[in-house]
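Chemist: Any chance you could fold what I've pasted below:
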Amino acid sequence: MRSLKPFIILSLLFYFSTGHTQPVSNHNVYSETNRPAWWKEAVVYQIYPRSFKDSDGDGVGDLRGIISKLDYLKSLGIDVVWLNPIFASPNDDNGYDISDYRSIMKEFGTMQDFDELLSGLHKRKIRLVLDMVLNHSSDEHEWFKQARSSRNSPYRNYYHWWPAEKGKPTPRYSFFDVNNDAWKYEPLTKSYYLHYFSQKQPDLNWENEKLRREVYGIMKFWLDKGIDGLRMDAFQYVSKDTTWKKYPEGYERNIIKYYGMGPHLHQYLKEMNRTVLSKYNIMTVAEGAGSTLADAHSLVDADRQELNMAYHFEIMDIGNDPKGYKLPDLKKAFTKWDHSFANKGWLAIFLGNHDVPRMVSKYGNDSKAFKTASSKLLTTLIMTMRGTPYYFNGDELGMTNIRFDKIEDYRDIATINAYKNAKAKNEDLQAFMDKQKFISRDNTRTPFQWDRTINAGFTTGTPWIKVNQNYNEANVADEEKNPASELAYFKKILALRKASPVLVYGSYQVSDLENPSIYCYTRSLAKEKVLVVLNFSNHEVTYQLDKGINALSAKQLINNYSGTVGIANNKLNLKPWQAIVYQLKRA
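Modeler: Numbers count the residues shown, from 1 in each chain. Model (predicted):
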């Protein structure tokens, strides 16, 4: 990747040479936020390996499949690949239940395949970030096999246990358990073990220094192979309150407050940073950022010497209702987090990943009339916000929710066990299924759509999960030939971001926060200023810009429709789901 550092230095030198000594807006040019780093300037592309490309016809994506598509990844212009877990696993939760942290899942290939993948990415100037699952292991990991065999096992204290003679343990909520019970009884040693997720994902005991040393050794193993970063799954949960006090009724509705940011989390992170992370030039991000802005800063501010990027979920919590969401709520969430991180820390910017619905189905409009425009608009939002953009594979094509009708079509343990739970409680199963069509994680895990051949070119066999039948309308082969496609637009705006320091480091200022249809903001750095105007609606809008925005000589940089939209009297006419970025003059 071409570093933007020279541009930033020149911008700052020019800024001070003109006599300015005060911060621009709320953004201090001397701030920690403005300090250049490769992971700030990068665009991250997330690959769900099980669904990306199958090389051997078994219906499951694999490492050789990814290797076969390295030139496609290069063509996108992305800088980093974040790979969901590829480690040995019985696949109770699609690889998030690891049985051997130093081996590759057999369905995915071999360590030789991994080495070839890493080398191929690096040859194309693309870095690799691995997804480390450190809150829990698989119950088929050798540590747990030993731990459950005897109370005297040297591995017993690698997990959290409660002896049955003390009665039933203090209740704890499980995300994936059929009964949401996080304690599972083990008859052999007459004890219960803790599992925040499925019964096959026992929680690791980070209170045990021996366990932590094992984890640090695993990290070093992969970092010494040359990977470029770590995304740590569910890491905010690793520190437990081992007094096991009773939580108030209904605490699960505010679960992060009780499960996240445990009593020793920062102690462990500082130890991890000292022992491992500080010795490598890498990107480090933990899934989740606590319950508050202060929590997030405590994880990633540079002077904390812990991690370097916050990946929060407040925006993901907006729009989970099939009835839709209110745009001001989305704007307020983006604005709140940006303003808090204006001078310290750094954010991940995303609207999709493997745990949420397809971006265009959730935040846009995936009908034939508006899918292309709204998909491009959402891409514009991600690529013009301050923070490191994260983009989920397939969103660049405008892939949509599959909306399964039958529970038998689902593969995700979260949906399957929630269905069993709803059935046991005699809840309305049709209402449950209707909601899953919108929010289920399997919506985003369907096979990547390469072309119009059988199974969208993903596999010659039977895919592990059904292919979305709209692959004739959204696929790489067709979109690469179409200059008006979502894919073409993705490449274009990504190139614009990488050539524009203002879109990476510039301050952010929102206008008209309560407007129900328009999201309008500026990004500013030294003499550079850009204006972003997004119409989040199905109808045309004539929009009057704020008087403080000087758009007299505005130059259009990108438009998700064809043609140029001029600004007259600080007013512009926007088509449905139109997104335009302008360059402005700045005094």
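Chemist: contacts, neighbours, all on C-alpha from now
Modeler: Fine.
Chemist: For the lengthiest helix in the chain, the averaged confidence score.
Modeler: Counting by DSSP state H, the longest helix found in the chain is helix 209-225. Here helix 209-225 scores 98 as its mean pLDDT.
Chemist: Which helix or strand lies directly C-terminal to it?
Modeler: Counting by DSSP states H and E, the next helix or strand C-terminal to helix 209-225 is strand 229-233.
Chemist: Can you name the element that comes right after that next one?
Modeler: Heading C-terminal from strand 229-233, the first helix or strand you meet, by DSSP H and E, is helix 255-259.
Chemist: what's that following helix in contact with?
Modeler: Q236, Y237, K240, Y247, Y251, G290, S291 (Cα atoms under 8 Å, 6 or more residues apart in numbering).
Chemist: Any quick PyMOL command for the buried ones out of those?
Modeler: To isolate the buried ones among those in PyMOL, judged by 16 or more other Cα atoms under 10 Å, type:
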select buried, resi 236+237+240+290+291
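Chemist: From the contacts of helix 255-259, pick the one nearest F114.
Modeler: Closest to F114 out of the contacts of helix 255-259 is Q236 (28.1 Å), distances taken as Cα to Cα.
Chemist: re the thing from before, could I get the contacts of helix 255-259 as TSV with distance to Y193 and pLDDT?
Modeler: Listed next are the contacts of helix 255-259 as TSV, based on distance: Cα to Cα, whole Å; pLDDT from 0 to 100:
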residue	distance to Y193	pLDDT
Q236	20	93
Y237	16	96
K240	13	97
Y247	18	96
Y251	21	96
G290	25	87
S291	26	87
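Chemist: Tell me the helices and strands packed up against the longest helix of the chain.
Modeler: Contacts defined by 3 or more Cα pairs under 8 Å, 6 or more residues apart in numbering; DSSP states H and E place helix 209-225 against strand 100-104.
Chemist: Mind giving me the packing neighbours of the strand it packs on?
Modeler: strand 87-88, helix 111-123, helix 209-225.
Chemist: quick one, which of the ones you listed is nearest to Q430?
Modeler: Closest to Q430 of those, according to Cα to Cα: strand 87-88, at 36.3 Å.
Chemist: buried sites along the longest helix of the chain?
Modeler: Buried residues in helix 209-225, counted by 16+ other Cα under 10 Å: L211, R212, V215, Y216, M219, K220, W222, L223.
Chemist: Tell me the secondary structure at N515.
Modeler: coil (DSSP: H, G, I helix; E, B strand; the rest coil).
Chemist: Please report how far the residue most central in space within the chain lies from Y45.
Modeler: Central residue of the chain (Cα atoms, centre = their mean): N353, 4.7 Å from the mean position. According to Cα to Cα, to the nearest Å, N353 and Y45 sit 10 Å apart.
Chemist: Could you give the separation between the terminal residues of stretch 330-350?
Modeler: Stretch 330-350 has an end-to-end distance of 12 Å (Cα to Cα).
Chemist: pLDDT score assigned to G288?
Modeler: For G288, pLDDT reads 84.
Chemist: what sits against it?
Modeler: G288 makes contact with A234, F235, Q236, A310, Y311, H312, F313, according to Cα under 8 Å, 6+ apart.
Chemist: looking at those, which has the most residues close by?
Modeler: Neighbour counts for the contacts of G288 (other Cα atoms under 10 Å) peak at A310, which has 28 neighbours.
Chemist: Check for me that it belongs to a strand.
Modeler: Yes: A310: assigned to a strand according to three-state DSSP.
Chemist: returning to that earlier point: mind putting the helices and strands packed on strand 100-104 in a markdown table, distance to T415 included?
Modeler: Output for the helices and strands packed on strand 100-104, formatted as a markdown table (distance: least, Cα to Cα, whole Å):
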| stretch | distance to T415 |
| --- | --- |
| strand 87-88 | 23 |
| helix 111-123 | 31 |
| helix 209-225 | 30 |
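Chemist: Give me the common contacts of N353 and Y45.
Modeler: Y391, F392.
Chemist: F334 contacts M316, correct?
Modeler: No: at 10.9 Å, F334 does not count as touching M316 under the criterion of Cα atoms under 8 Å.
Chemist: And the residue lying closest to N417 once chain neighbours are set aside, how close does it get to F87?
Modeler: Nearest non-adjacent residue to N417, counting by Cα to Cα, 6 or more residues apart in numbering: V178, 4.8 Å away. Relative to F87, V178 is positioned 26 Å away (criterion: Cα to Cα).
Chemist: These two: who's more crowded?
Modeler: Of the pair V178 and F87, F87 is the one with more neighbours under other Cα under 10 Å, namely 26 against 20.
Chemist: measure that one to T462 for me?
Modeler: Distance from F87 to T462, counting by Cα to Cα: 23 Å.
Chemist: Could you list the low-pLDDT ranges of the stretch 451-587 of the chain?
Modeler: Along the stretch 451-587 of the chain, segments meeting pLDDT under 70 span 586-587.
Chemist: Where do the strands of it begin and end?
Modeler: 507-511, 518-525, 528-535, 541-544, 555-559, 571-574, 579-583 (DSSP state E, counting those that start in this stretch).
Chemist: I'd like those strands written out as CSV, with distance to L76 and mean neighbour count added.
Modeler: Below are these laid out as CSV (distance: least, Cα to Cα, whole Å; neighbours: other Cα atoms under 10 Å):
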stretch, distance to L76, mean neighbour count
strand 507-511, 26, 21
strand 518-525, 24, 24
strand 528-535, 22, 23
strand 541-544, 32, 15
strand 555-559, 17, 18
strand 571-574, 28, 16
strand 579-583, 20, 22
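Chemist: Minimum distance to S485: which of those strands has it?
Modeler: Proximity to S485, assessed across the strands of the stretch 451-587 of the chain by Cα to Cα, is greatest for strand 555-559 (12.7 Å).
Chemist: If you count contacts, what does the closest one end up packed against?
Modeler: strand 579-583.
Chemist: could you check the angle strand 555-559 makes with the strand it packs on?
Modeler: Going by axes from the mean of the first three to the mean of the last three Cα atoms, to 10 degrees, strand 579-583 is angled at 150 degrees with respect to strand 555-559.
Chemist: now for strand 579-583, which elements pack on it?
Modeler: By 3+ Cα pairs under 8 Å, 6+ apart, strand 579-583 packs against helix 371-384, strand 528-535, strand 555-559.
Chemist: could I get those as JSON lines with distance to D54?
Modeler: Formatted as JSON lines, these follow (distance: least, Cα to Cα, whole Å):
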{"stretch": "helix 371-384", "distance to D54": "26"}
{"stretch": "strand 528-535", "distance to D54": "37"}
{"stretch": "strand 555-559", "distance to D54": "35"}
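Chemist: looking at this, the residue nearest to the centre of the chain is in a strand?
Modeler: No: N353 is assigned coil when assessed by three-state DSSP, not a strand.
Chemist: is it true that it touches P389?
Modeler: No: the pair N353 / P389 is not scored as a contact, 11.8 Å apart, by Cα under 8 Å.
Chemist: re the thing from before, nearest spatial neighbour of the residue nearest to the centre of the chain, skipping sequence neighbours?
Modeler: F392 (5.3 Å).
Chemist: neighbours around that neighbour, how many?
Modeler: 21.
Chemist: same deal with K323?
Modeler: Number of residues near K323 (other Cα under 10 Å) recorded here: 7.
Chemist: how near is it to K279?
Modeler: Going from K323 to K279 by Cα to Cα gives 48 Å.
Chemist: State the number of residues packed around S361.
Modeler: Residues near S361, counting by other Cα under 10 Å, number 22.
Chemist: typed the wrong thing, it's K368
Modeler: 9.
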